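Asker: model the following, please.
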Amino acid sequence: MSRTFQRRTLLIGAAGTVALSACGNQEPTGTPGEKVELVYRLWDEQQEVGYRDVFAAFTADHPDVTVRMELLPWDQYWTKLTAELASGNGPDVFWLTNDRLPDLASKGVLAPIDDQLKTAGIDLANYHSNVAQSFRWEDQQYGMPKDMGVVGLLYNKDLFRAAGVDEPGELEWNPGGTGTFEELARKLTVDQAGKTAAEAGFDPTKIKQWGCLSWNHGQTTWLNWIASNGGQVRDPGGQFTYGSPKSVEALQWARDVIFKWHLSPDGTRTNPPTGQATEMFYRGEVAMFDANNALLPFALPEVKFEIGVATLPKGPAGRTVVINGLGEVAYSGSKHPEATMKLITFLGSERAQKIMGDAGYIIPALNDAGAGYVDFWKGKGIDVQPYLDSAAGNTVNMPVGDDWLARDPEINKAASDLFLNQLPVAEIAAKMDEIANGS
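Answerer: Numbering: from 1, shown residues only. Predicted coordinates:
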């Protein structure tokens, strides 16, 4: 998940109280066999639990190397990391989102890992191509593919039963609003008098339950609609094209879901950073919610209803979903480069990825390593196979351009207007292009 608000929104609760310890790198190893402690930085307290087993397995193979985890809330994670890297004192291995790769790689603070992959016999062709490519910069690999953030459709089974409708299968949407997805959402949108949006007399000014959520979260919503409408947000020459006809048509549909067909709450309730989109689903006010699989461990203890998972609805050009995986990267200034690279290659191994996948924390980036993830969630009563099916289909990466850390927040700010019905969609998309292209 690459945008700043995305991970915070999708991983509600990840910014819990943690102990902040001084980072860093230990003194260089003086002689072979001397004990080494590596620092591993992450932001997800649930995955921290799983990584205890990963690092126990690593140390069993490398008795002279131990790993100390540092857990930081999302915002503190980046603030602290930026300061440390600038001062020459970063953690040995840490999580990275693909939007930050160009900035850090260009500063020389990340160590390329191509030679170590070759020595370890690791072939990146065995990992999901979107994740592997996301962490390649100027023909060098910097990130070990960690996991896959895949977009699917979570739904409230209780609301489906109450409405007397079948659970979603292969749904479709279209710009005119007559797809099977919109039809289903109408039956699940209910006003205070109990009328659905599919019935005469429905009052769109007094809605108590919405069929779906259309909101400003590109990775899980409108970037997928653009792709499945046959549009793109960046052309082969590198120019951003939010304003292209197919892209604008998809963005208009995202607005019409709210203001024309009244199937979703508007941006006054959902726009980040203060919106309540995720919480509305948790509270049972929304029947269908486009969400990354990373939400599941946080959603399950929050909801009082049975959760279902379906694939995103197909668009006019079929189904295409955004893959937003993380990479594990090595600090180029580590005082223990050999041990650091041993850890990096171990993290990409089937053994390490299956430890995390089999415990339900991640969909491994390693191809064909997700069966245990499916089995884990089946034991919780949730069929997550639709996530893996989507990852095996048509997928795209999150867009990243020059000076992205500065531009991306401004693009998201402009996109917020889509969900407020204040400016024409084409005008908003043109503004997004202007920001993204630096023009």
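Asker: quick one, domains of the protein?
Answerer: Residue ranges for the domains of the chain, per automatic domain parsing: 4-149+325-369, 151-323+398-437.
Asker: least confident of these, on average?
Answerer: Mean pLDDT is lowest for domain 4-149+325-369 among those, at a mean of 87.
Asker: the domains of the chain: which one's closest to residue 384?
Answerer: Of all the domains of the chain, domain 151-323+398-437 sits nearest to residue 384, with 5.5 Å by CB to CB. For the C-beta atoms, the positions are set from N, CA and C on the backbone; glycine is no exception.
Asker: endpoints of the closest one, how far apart?
Answerer: With CA to CA, to the nearest Å as the measure, the first residue of domain 151-323+398-437 is 26 Å from its last.
Asker: adding distance to residue 387 and mean neighbour count, write the domains of the chain out as TSV.
Answerer: Shown next, in TSV, are these (distance: least, CB to CB, whole Å; neighbours: other CB atoms under 10 Å):
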stretch	distance to residue 387	mean neighbour count
domain 4-149+325-369	6	19
domain 151-323+398-437	5	19
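Asker: and these as CSV, adding distance to residue 375?
Answerer: Converted to CSV, the domains of the chain look like this (distance: least, CB to CB, whole Å):
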stretch, distance to residue 375
domain 4-149+325-369, 7
domain 151-323+398-437, 14
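Asker: could you list every helix and strand in contact with the helix or strand where residue 83 lies?
Answerer: Per DSSP states H and E: residue 83 is located in helix 74-87. Applying 3 or more CB pairs under 8 Å, 6 or more residues apart in numbering; DSSP states H and E, we find helix 74-87 packed against helix 4-10.
Asker: chain center to the next helix or strand after the helix it packs on: distance?
Answerer: Where DSSP H and E defines the elements, the next helix or strand beyond helix 4-10 is strand 36-42. Centroid separation between strand 36-42 and its chain, computed with CA atoms, centre = their mean, to the nearest Å, is 24 Å.
Asker: now do stretch 63-77
Answerer: How far stretch 63-77 lies from its chain's middle: 21 Å, per CA atoms, centre = their mean.
Asker: hang on, the earlier thing: to residue 380, which of the domains of the chain lies closest?
Answerer: If we rank those by CB to CB, the stretch that ends up nearest is domain 151-323+398-437, at 6.6 Å.
Asker: and residue 426, its phi and psi?
Answerer: Dihedral pair for residue 426: phi -60, psi -40, per degrees, to the nearest 10.
Asker: check residue 258 too.
Answerer: Dihedral angles (degrees, to the nearest 10) for residue 258: phi -90, psi -60.
Asker: residue 145 too?
Answerer: phi -60, psi 120.
Asker: so it is in contact with residue 132, correct?
Answerer: Yes - look at residue 145 against residue 132 with CB atoms under 8 Å: they come within range, at 5.0 Å.
Asker: so what sits against both of these two?
Answerer: Residues touching both residue 145 and residue 132 by CB atoms under 8 Å, 6 or more residues apart in numbering: 124, 365.
Asker: specify the local secondary structure of the nearest residue in space to residue 62 that is not next to it in sequence.
Answerer: Spatial nearest neighbour of residue 62, chain neighbours left out: residue 342 (5.9 Å); criterion: CB to CB, 6 or more residues apart in numbering. The three-state label given to residue 342 by DSSP: H, G, I helix; E, B strand; the rest coil is helix.
Asker: do the one 3 residues further on as well
Answerer: On the three-state scheme (three-state DSSP), residue 345 is labelled helix.
Asker: quick one: residues contacting it.
Answerer: For residue 345, the contact set (CB under 8 Å, 6+ apart) comprises 113, 116, 117, 119, 120, 122, 144.
Asker: distance of it from residue 275?
Answerer: 41 Å (CB to CB, to the nearest Å).
Asker: do residue 390 as well
Answerer: 25 Å.
Asker: again, but for residue 416
Answerer: Relative to residue 275, residue 416 is positioned 9 Å away (CB to CB).
Asker: next structured bit after the helix holding residue 83?
Answerer: Sequence order places strand 93-96 as the next helix or strand after helix 74-87, per DSSP H and E.
Asker: now do that following strand: which elements does it pack against?
Answerer: Against strand 93-96 (3+ CB pairs under 8 Å, 6+ apart) you get strand 36-42, strand 327-330, helix 337-347.
Asker: ends of stretch 196-209, what's the gap?
Answerer: Chord length of stretch 196-209, first to last residue, is 9 Å (CA to CA).
Asker: which residues touch that stretch?
Answerer: Residues from elsewhere that reach stretch 196-209 (CB under 8 Å, 6+ apart): 159, 163, 183, 185-193, 195, 211, 261-263, 265, 285-287.
Asker: not counting residues beside it along the chain, what's closest to residue 251?
Answerer: Spatial nearest neighbour of residue 251, excluding adjacent residues (CB to CB, 6+ apart): residue 425 at 5.1 Å.
Asker: I'd say that neighbour and residue 250 touch.
Answerer: No - Residue 425 lies out of contact with residue 250 (CB under 8 Å); the separation is 9.6 Å.
Asker: re the thing from before, what's the separation between the residue nearest to residue 251 and residue 419?
Answerer: Residue 425 is 11 Å from residue 419, by CB to CB.
Asker: got it, and residue 44?
Answerer: Between residue 44 and residue 419 the computed distance is 28 Å (CB to CB).
Asker: which parts of the stretch 301-439 of the chain are strands?
Answerer: Here the stretch 301-439 of the chain has its strands, by DSSP state E, counting those that start in this stretch, at 307-310, 320-323, 327-330, 394-397.
Asker: residue 153 is nearest to which of the ones you listed?
Answerer: strand 307-310 (4.3 Å).
Asker: using PDB, write out every CA atom in the closest one.
Answerer: Listed next in PDB are the C-alpha coordinates belonging to strand 307-310 (Å, rounded to 0.1, in the frame of the first residue of the first chain):
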ATOM      1  CA  ILE A 307     -17.600 -11.500   6.600                       C
ATOM      2  CA  GLY A 308     -17.600 -12.700   3.100                       C
ATOM      3  CA  VAL A 309     -15.000 -12.100   0.300                       C
ATOM      4  CA  ALA A 310     -15.700 -11.800  -3.400                       C
END
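Asker: list residues touching both of residue 425 and residue 419?
Answerer: By CB under 8 Å, 6+ apart, the residues touching both residue 425 and residue 419 are residue 255.
Asker: all helices for the stretch 201-350 of the chain, in order.
Answerer: For the stretch 201-350 of the chain, applying DSSP state H, counting those that start in this stretch gives helices covering 222-228, 245-259, 267-270, 277-282, 296-299, 337-347, 350-358.
Asker: please save the CA atoms from the fifth one in PDB.
Answerer: Output in PDB follows, covering the C-alpha atoms of helix 296-299 (Å, rounded to 0.1, in the frame of the first residue of the first chain):
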ATOM      1  CA  LEU A 296      -8.800  -8.900   7.500                       C
ATOM      2  CA  PRO A 297      -6.800  -9.400  10.700                       C
ATOM      3  CA  PHE A 298      -8.000  -6.000  11.900                       C
ATOM      4  CA  ALA A 299     -11.600  -6.300  10.700                       C
END
